[in-house]
Structure formats: structure tokens, C-alpha cells
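Engineer: 3D model of this:
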Amino acid sequence: MANFKTALFDFDGVIVDTEPIYDIFWNAAGERYGLGIPDFADRIKGTTMPNIMETYFSAHTKEFQQKVWDEADAYESTMPLPLMPGSLEFLKLLRSEGVKMGLVTSSDQRKIDRAFEMYDMKDLFDTIVTADRITQGKPNPMCYRLAASDLDVAPAECLVFEDSFAGIQAGNSAGMRVIGLSTTNPAETLKDKVHDVIPNFEGMTFADYLQW
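Structural biologist: Presented below is the predicted three-dimensional model:
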């Protein structure tokens, strides 16, 4: 069997086109909670809820923090999860070619379970790292290092697909090659941080993967 690099995928902004949907909720929430932070949603892209709580709500009471967490959970439980163009097809293509794959996301397991049921994706991944499995979220590289450990591969043998600055930093810090998707941030802001930039997976071939 050919020794292909392992593919590690972020979820939001990579497999599903949810970042604009999150923007609506978190920008409104930032105003509602009186944070006084313009474009609050942009500040927290790619980070976990514990990180958000620690960074932006640590001065608030535990009751207030729980209220924010519960509202976010309620929103996530019903929010749309539209696929990114070409993402499911690309995942299936890599699987058919024998590439090891992992999902590495700041989302929790409940959301991922819902997406897997919607799109029948569970069998496409050899490991799944959600926020429930880590103690330090992106930009810390813990999540990507854990995925590599799960699959018994060296970080240098991994290709990471990410859209957020926090996720890109996590992949780079883990010692992996990062492919940036300009789904959340403009391509020109990513190109000096990643190996290559793509708009999404539409039309991507296995030859593209081998080139990376």
C-alpha cells in the first residue's frame, strides 16, 4: 500500500459552511452580553467554549457563564450544517484511495454526532478529536498532536486542512503541513501562514492531494 500523508480536517469552515451562521449568533451575543468588542465572532473563530469562557467571561459569575454556555448549546443543537462545496466528495475520494483521515475540531461531540447522522460521515474518519478530548484548545497544538498519536503517525506526515487563524497556528505548531481554506478569511491573509490556499474542495482531485 502506498504511504500517503495522513489528512486531518477541521470541521467548521472546512467540511461545513457554518462560520457565517456562527457570526450571526456570536456578534449578537457579544452585544447582548455587553462585551464592547466589535466583530466578536472573528475573535473566537476556531477556539473552544472553555477558552471563550476563560478569555472573555472570567470576570463574570459562574451563573452568567453557564447562561452563555447554555445559550450557545441551544443554538448549536438546531443550527444548519450546510456542507462546504466539494467537502463530502473529497473525503470519500481520499477514503477510496486508502488515506488515513482524522477530524480535529473545537466543536463538541454532540454536534459532530448530529452532522455524522445527517451526512453518514462517521466511517470516513479513523480518529475524531473534539473539544471533549482536550484540555487546551486551538491555537494550542494539543488537538492535532493527539490525532497524530491516535493514528500512530509522525506530525510531519500529516496534512492539516484549516480555515481559522487559530487552527492554522495549531497545525503549524504541531509540526504539520497546513492547507488553508479561504472560506473564513481572505486568501491573502492566509498565504504566508500555510503551504497552499484553496477556496474550498470543489473540483479537488487526488492528484492535488498528492502534490500537497
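
Engineer: Mind jotting down where the strands sit in this structure?
Structural biologist: Using DSSP state E, the strands of the chain run over residues 6-9, 101-104, 127-129, 158-162, 177-181, 196-198.

Engineer: wait, which of those is closest to residue 148?
Structural biologist: Closest to residue 148 of those, according to Cβ to Cβ: strand 158-162, at 5.6 Å. Bear in mind the C-beta positions are built from the backbone N, C-alpha and C, glycine included.

Engineer: Name the strands paired with that closest one and say parallel or antiparallel.
Structural biologist: If you go by DSSP bridges, strand 158-162 pairs up with strand 6-9 (parallel), strand 177-181 (parallel).

Engineer: residue contacts, residue 115?
Structural biologist: By Cβ atoms under 8 Å, 6 or more residues apart in numbering, the contact list for residue 115 reads 11, 15, 16, 81, 121.

Engineer: Put together a markdown table for the strands paired with strand 158-162, with mean pLDDT and mean neighbour count on each row.
Structural biologist: Output for these, formatted as a markdown table (pLDDT from 0 to 100; neighbours: other Cβ atoms under 10 Å):
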| stretch | mean pLDDT | mean neighbour count |
| --- | --- | --- |
| strand 6-9 | 98 | 25 |
| strand 177-181 | 98 | 24 |
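
Engineer: Relative to residue 136, which of these is closest?
Structural biologist: strand 6-9 (16.9 Å).

Engineer: Fine by me, we can end here.
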